[in-house]
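1. Next comes the sequence, and after it the predicted model I'd like to discuss.
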Amino acid sequence: MIKYLGSKRTILPKLMAALNSLDDVNSVLDAFSGTSRVGYELKKSGYQVFSNDINAYAHILAQCHVEAEASTTTDTASRLIAELNQLPGKPGYITATHCLHSRYFQPHNGEKIDAIREQIERWDLQPLLKAICLTSLLEAADRVDSTTGVQMAYLKQWARRSYNPLQLRLPAMLNAATDRRCHAYQLDALEAAASIKADCAYLDPPYNQHSYLGNYHIWESLVRWDRPEVYGIACKRIDCKSNKSDFNSKPKALPTLTELIQRLRTPNLIVSFNNEGFIDREAMEHLLSQKGYLHTIELDYKRYVGAQIGIHNPAGARTGVVSHLRNKEYIYLVSAKPLSPANQAQLQAGAAVPLIPQA
Ligand SMILES: C[S@@+](CC[C@H](N)C(=O)[O-])C[C@H]1O[C@@H](n2cnc3c(N)ncnc32)[C@H](O)[C@@H]1O
């Protein structure tokens, strides 16, 4: 799966422990699905999953990793991916914009990306097969990019992995454990909350001013294939200027989350947030404790790679000091009913520090 800021890869076991401590939960709405790592794990554990994200690339990832059934798609998808791997490179939009005008990929890989993307469009596949091919291309491009994991900038010197030839692989797919199909949606989370019914919601909204569209603009262009006008050194899509999520705004983040929670049609709720975000623990606990029985799990983590590398000027010289290298992740669990002692013990076993029951 792709490198992604805020991906819940490292806290997945704790999230699953929190979810498993709830009784009577068979279906989950993942309202901010991103890479689909969480949805994939949920489907693997037997839950019916409704994945949702506002960005087109995240919707494609969820169609592949969550909605598609491995049993009915693997053979055809493998054949298509093998064919795509044979295509010779042909320069196009990605080569011009993201290899020559900017330097996110080496031109030999940009030409392959262009040729493969054009062929996927020409095939006019049914939506889930198209999503699998696009996910395969996105994940292959991610393995040879020249960034620190976000597309706000590219590296001054080519990353070592960027020299590798782009190679597509069959993406991870699963079979649902039950006959209740999983689905992927591309909606604003507020709309998803009002229209999708499930036993539990998982909310992992953006936590600061950095927009996901701006951080992953190349994935959005690659999926939409709309060859947008770009601006700035980073060559971002022009719509990054106007397409902002309310969760990226300090004054709007808390009121928007409050409204989202009011709209939810799920009795139980899990929220991830960290201590660097716009909503602090006190405000979050105040909001969530009105919804049900709240347990807060606090986890101590290493910050993302950019923070580990430090702050440098365009000449590569270190200019600033990173304030801290660790942060705290919070998992807030809100249950409609009090947790049984056995379930509390299970949650406690999965959590790093003692829980704080609120209600
Ligand atoms: C912290 S990331 C989620 C990461 C995900 N849990 C994972 O493990 O990969 C937040 C996600 O919210 C999405 N997003 C931002 N604003 C949104 C909105 N208003 N409605 C739905 N999704 C939104 C972004 O595209 C991004 O993928």
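-> Sure, I can see it. Numbers count the residues shown, from 1 in each chain.

2. Is the ligand within reach of stretch 162-180?
-> No: for stretch 162-180, no contact with the ligand is found by CB under 6 Å from any ligand atom; the gap never falls below 13.5 Å. To be clear about C-beta, it is placed using only N, CA and C from the backbone, and glycine gets the same treatment.

3. mind listing what's buried in that stretch?
-> Ser162, Leu166, Leu168, Leu170, Pro171, Met173, Leu174, Ala176 (16 or more other CB atoms under 10 Å).

4. For the ligand, state which of those residues is nearest.
-> Using CB to the nearest ligand atom, Pro171 comes nearest to the ligand of the buried residues of stretch 162-180, at 14.5 Å.

5. Which of the three states applies to that closest one?
-> coil (DSSP: H, G, I helix; E, B strand; the rest coil).

6. Identify the spatial nearest neighbour of it, chain neighbours not counted.
-> Thr135 (4.5 Å; CB to CB, 6 or more residues apart in numbering).

7. returning to that earlier point: want to throw the buried residues of stretch 162-180 into JSON lines with pLDDT?
-> Formatted as JSON lines, the buried residues of stretch 162-180 follow (pLDDT from 0 to 100):
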{"residue": "Ser162", "pLDDT": "98"}
{"residue": "Leu166", "pLDDT": "98"}
{"residue": "Leu168", "pLDDT": "98"}
{"residue": "Leu170", "pLDDT": "98"}
{"residue": "Pro171", "pLDDT": "98"}
{"residue": "Met173", "pLDDT": "98"}
{"residue": "Leu174", "pLDDT": "97"}
{"residue": "Ala176", "pLDDT": "91"}
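
8. Could you measure from the residue nearest to Pro171 over to the ligand?
-> Remark: distance between Thr135 and the ligand (CB to the nearest ligand atom, to the nearest Å) = 13 Å.

9. Buried residues, the helix or strand hosting that residue. List them.
-> Secondary structure from DSSP states H and E places Thr135 in helix 127-143. If you call a residue buried by 16+ other CB under 10 Å, then helix 127-143 has these buried ones: 128-143.

10. Ile218: which of those is nearest?
-> Minimum distance to Ile218 across the buried residues of helix 127-143 is 7.8 Å, recorded for Ala141 (CB to CB).

11. could you measure the closest one against the ligand, distance?
-> 17 Å.

12. One more: Glu285?
-> Counting by CB to the nearest ligand atom, the gap from Glu285 to the ligand is 20 Å.

13. got a list of contacts for the helix holding Thr135?
-> 1-3, 57, 60-61, 63-65, 67-68, 73, 76-77, 80-81, 84, 105, 109, 113, 116-117, 120, 123, 125, 161, 164, 166-171, 173, 218-219, 222-223 (CB atoms under 8 Å, 6 or more residues apart in numbering).

14. can you list the residues of the stretch 51-200 of the chain near the ligand?
-> Looking at the ligand, the residues of the stretch 51-200 of the chain close enough under CB under 6 Å from any ligand atom are Asp53, Ile54, Asn55, Ala58, Asp188, Ala189.

15. what pLDDT does the last one get?
-> The per-residue pLDDT reported for Ala189 equals 98.

16. Now do the phi/psi pair for Lys252.
-> phi -90, psi -20 (degrees, to the nearest 10).

17. Find the nearest non-adjacent residue to it, please.
-> Residue nearest to Lys252 in three dimensions, not counting chain neighbours: Asp246, with 4.2 Å by CB to CB, 6+ apart.
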